[in-house]
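Q: Build me a structure from this.
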Amino acid sequence: MRNKIIVVNAIIMAIVGALAFFMMRSSIVSAASNTPALLDAAKHSALGASARLQVDGLKVERWLTVKAAEPAAADALNKADPTAAGAAATSLCDGIVAAAKTAPDFEGRVPSLVLLTDASGITLGRNGSDLRRKEDLGKTYPVFKAAIQKGQAGSDVWSNSVDQVLASYVPVKNDKGQIVGALIVGIQLGDELGRVADSTTGRPLVLAAENGEAVAVLARSSANTQSLDDAVTKSDKDHGAKESVRSVIDKGHAEAASAGDMMIGAAPLESLGDGKSKVIVASAPAVLIDNAAGLATPILGVALLGIVLVVIGGWLLGSYISAPIARLEEGLLAIINGQTDKRFQLEHAELGGLAFRIDQLLNQLLGVEEDTSDEEGRISRAPSAAAMEAAMGDGGSAASIDATLAQEPAPQYYARLYREYIAAKKALGEQTDHITEQAFQSRIQAMETESQQKGKSVRYKVQSNGREVVLLAVPVA
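A: Numbering: from 1, shown residues only. Prediction:
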């Protein structure tokens, strides 16, 4: 029985564990490889990075507008002497850099480039250097020149052999409201992208732009963007990352595509420059959870632990049930082999009742009944002539005829039986003061009379099974 309990429950546990493992692994892998969700995450990452980059440009524009309205800007542009104008422009730009270091709108960023130009986009001076004076920025950056001539502030990505900055510019007006020049603040593009990446996607970013029929990467948030660079610039018939970037440039709407082991999202920079030629590209992993299948592995460990516990529990439970059953089987075999006085003194929560009923059945089959006298020795029910107490003591057979017992005179027999009964009771520590000899003799005679009416003559022997005193009915004729 023990082995059957263990095997059945272990098989059930193994089946349940295996099903739980495969179902959980399938669900996790399916959820972690949810392509629409991954593409959506990549697109939103690109949109978030694009929005943050544009907001940073707008913050600088707002701050720079205040600086452009200060008299120092217009004064530098009003100087007739080129040398004096250049010196004033450099001084102005240096002051703007110093002010930007503590300005909340810069959030700790420090401009790498500050320029002052005239209304045509010709530079008068820059911060920290006399270089780049009389440079025609209006020719290099037509969008900038057009915005200044219209009196509009703006931001743009300037990425070439000279500049790699996020440039914000505002017009400078004289006291008559006429546009006389422009102030430009440039923040290193790589630093800006790194900051945007840290505050949004947490993954590398690249800034790409249209380059004829191709797409070129203008700037990166970090050096570790090779796979992202390749996805943006190299055509792959199996993946549409480059085509998605091109589509964003053409249509101006954010898109996402698969690119090998990652998803690529691209979003336009609508408020930077012309709002069309440049996009910011963000990546997302190809799976939401790395090693998703491995997350279900602990279920196998739990199932194995369950099988071990089933073995232990089955062994204990089997022993708890098998031991008393074996005891009952051995006792019944002993009774079959002639030990008719064998009884089961079994204390067991589940099988104790069964053992008691087996004892009762044996008593009925062998003509034995329990002592039903009360504390004063009175019989509470009339036992049959073949009755005796609940167990048989010394192994003698109730069916055999005892000639010596039959020849003993009745007075001596009753007196001896009473003495032996009282002695046996006292030996077990029971009180016997309430049992009188007369009541005891009347009881025995009543049982003998009932037995004779049924055609059997019996006399009784006193026996003790170690727990209670019983009377054994012995045929005498």
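Q: Stretch 264-278: end-to-end distance?
A: For stretch 264-278, the first-to-last residue distance is 16 Å (CA to CA, to the nearest Å).
Q: What are the buried residues along that stretch?
A: Within stretch 264-278, the residues that count as buried by 16 or more other CB atoms under 10 Å are 264, 265, 266, 267, 268, 269, 271, 272, 273, 276, 277, 278. Any C-beta I mention is one placed from the backbone N, CA and C, and that applies to glycine too.
Q: partner residues bridging the second one?
A: Just to be clear, that refers to residue 265. residue 256, residue 282 (DSSP bridges).
Q: was I right about it contacting residue 281?
A: Yes: if you go by CB atoms under 8 Å, residue 265 and residue 281 touch, sitting 7.1 Å apart.
Q: Quick check: neighbours shared by those two?
A: Both residue 265 and residue 281 are contacted by residue 46, under the criterion CB atoms under 8 Å, 6 or more residues apart in numbering.
Q: what does the domain assignment say about the chain?
A: Residue ranges for the domains of the chain, per automatic domain parsing: 2-31+291-324, 34-285, 339-475.
Q: Single out the most deeply packed of the ones you listed.
A: domain 34-285 (a mean of 19; mean count of other CB atoms under 10 Å).
Q: Please report the separation between the first and final residues of it.
A: 11 Å.
Q: For the residue nearest to the spatial centre of the chain, what are phi and psi?
A: In the chain, the C-alpha closest to the average C-alpha coordinate belongs to residue 295, at a distance of 9.3 Å (CA atoms, centre = their mean). Backbone torsions of residue 295, given as degrees, to the nearest 10, read phi -70, psi -20.
Q: what do you get for residue 110?
A: phi -120, psi 120.
Q: show me the contacts for the closest residue to residue 352 other than its chain neighbours.
A: Spatial nearest neighbour of residue 352, chain neighbours left out: residue 346 (5.4 Å); criterion: CB to CB, 6 or more residues apart in numbering. With contact set as CB under 8 Å, 6+ apart, residue 346 has these partners: 324, 327, 328, 352, 355, 356.
Q: Just the ones of these in helices?
A: 324, 327, 328, 352, 355, 356 (DSSP state H).
Q: Verify the contact between the second one and residue 342 for me.
A: Think residue 327. No: with contact defined as CB under 8 Å, residue 327 does not reach residue 342; the gap is 11.2 Å.
Q: ok, back up a step: of all the domains of the chain, which one is nearest residue 333?
A: domain 339-475 (9.2 Å; CB to CB).
Q: Can you give me the first-to-last residue distance of that closest one?
A: 18 Å.
Q: Check stretch 225-245 too.
A: 16 Å.
Q: just stretch 107-118 next, same as before
A: 29 Å.
Q: And for it, what's in contact with it?
A: 73, 76-77, 89, 92-94, 96-97, 100-101, 123-127, 132, 137-138, 148, 163, 165, 167, 172, 180-188, 191-192, 195.
Q: For the contacts of residue 346, name the two members farthest from one another.
A: Across the contacts of residue 346 (CB to CB), the longest gap, 13.7 Å, separates 327 and 356.
Q: so what sits against both of those two?
A: 344, 346.
Q: Adding mean pLDDT and distance to residue 333, write the domains of the chain out as CSV.
A: CSV is the format used below for those (pLDDT from 0 to 100; distance: least, CB to CB, whole Å):
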stretch, mean pLDDT, distance to residue 333
domain 2-31+291-324, 83, 15
domain 34-285, 88, 68
domain 339-475, 72, 9
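Q: Take those domains and write them to CSV, including distance to residue 332.
A: Putting these into CSV (distance: least, CB to CB, whole Å) gives the following:
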stretch, distance to residue 332
domain 2-31+291-324, 13
domain 34-285, 66
domain 339-475, 8
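Q: Contact partners for residue 428?
A: Residue 428 neighbours (CB under 8 Å, 6+ apart): 464, 467, 468, 469.
Q: How much space separates it from residue 414?
A: 22 Å (CB to CB, to the nearest Å).
Q: try residue 164
A: For residue 164 relative to residue 414 (CB to CB), the value is 127 Å.
Q: can you check residue 403 too?
A: Relative to residue 414, residue 403 is positioned 19 Å away (CB to CB).
Q: again, but for residue 25
A: 85 Å.
Q: give me the element residue 308 is part of.
A: Using DSSP states H and E, residue 308 falls within helix 297-336.
Q: helices or strands up against that helix?
A: Helices and strands touching helix 297-336, by 3 or more CB pairs under 8 Å, 6 or more residues apart in numbering; DSSP states H and E, are helix 2-32, helix 352-365.
Q: export the last one as PDB, just CAs?
A: If I follow you right, that is helix 352-365. Provided in PDB are the C-alpha atoms of helix 352-365 (Å, rounded to 0.1, in the frame of the first residue of the first chain):
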ATOM      1  CA  GLY A 352      -9.200   1.400  16.200                       C
ATOM      2  CA  GLY A 353     -12.900   1.300  15.600                       C
ATOM      3  CA  LEU A 354     -12.600  -1.500  13.100                       C
ATOM      4  CA  ALA A 355     -10.400  -3.500  15.500                       C
ATOM      5  CA  PHE A 356     -13.000  -3.100  18.200                       C
ATOM      6  CA  ARG A 357     -15.800  -4.300  15.900                       C
ATOM      7  CA  ILE A 358     -13.600  -7.300  14.900                       C
ATOM      8  CA  ASP A 359     -13.300  -8.100  18.600                       C
ATOM      9  CA  GLN A 360     -17.000  -7.900  19.000                       C
ATOM     10  CA  LEU A 361     -17.600 -10.100  16.000                       C
ATOM     11  CA  LEU A 362     -15.100 -12.700  17.400                       C
ATOM     12  CA  ASN A 363     -16.900 -12.600  20.700                       C
ATOM     13  CA  GLN A 364     -20.200 -13.300  19.100                       C
ATOM     14  CA  LEU A 365     -18.900 -16.100  16.900                       C
END
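Q: Run the angle between that helix and helix 297-336 for me.
A: If you take axes from the mean of the first three to the mean of the last three CA atoms, to 10 degrees, helix 352-365 sits at 20 degrees to helix 297-336.
Q: again, but for the first one
A: Between the axes of helix 2-32 and helix 297-336, defined by the same axes, to 10 degrees, the angle is 170 degrees.
Q: From the chain's centroid, how far away is stretch 45-56?
A: In terms of CA atoms, centre = their mean, to the nearest Å, the centre of stretch 45-56 is found 34 Å from the chain centre.
Q: List every C-alpha atom in that stretch, with coordinates, as CSV.
A: The C-alpha coordinates for stretch 45-56 follow below in CSV (Å, rounded to 0.1, in the frame of the first residue of the first chain):
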residue,chain,number,x,y,z
SER,A,45,10.7,55.4,-27.0
ALA,A,46,11.6,57.4,-30.2
LEU,A,47,8.6,59.8,-29.6
GLY,A,48,9.7,60.3,-26.0
ALA,A,49,13.3,61.1,-27.0
SER,A,50,12.2,63.3,-29.8
ALA,A,51,9.9,65.3,-27.5
ARG,A,52,12.6,65.7,-24.9
LEU,A,53,15.1,66.9,-27.4
GLN,A,54,12.7,69.5,-28.8
VAL,A,55,11.7,70.6,-25.3
ASP,A,56,15.3,71.2,-24.5
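Q: can I assume residue 164 is in contact with residue 193?
A: No: if you go by CB under 8 Å, residue 164 and residue 193 don't touch, sitting 10.3 Å apart.
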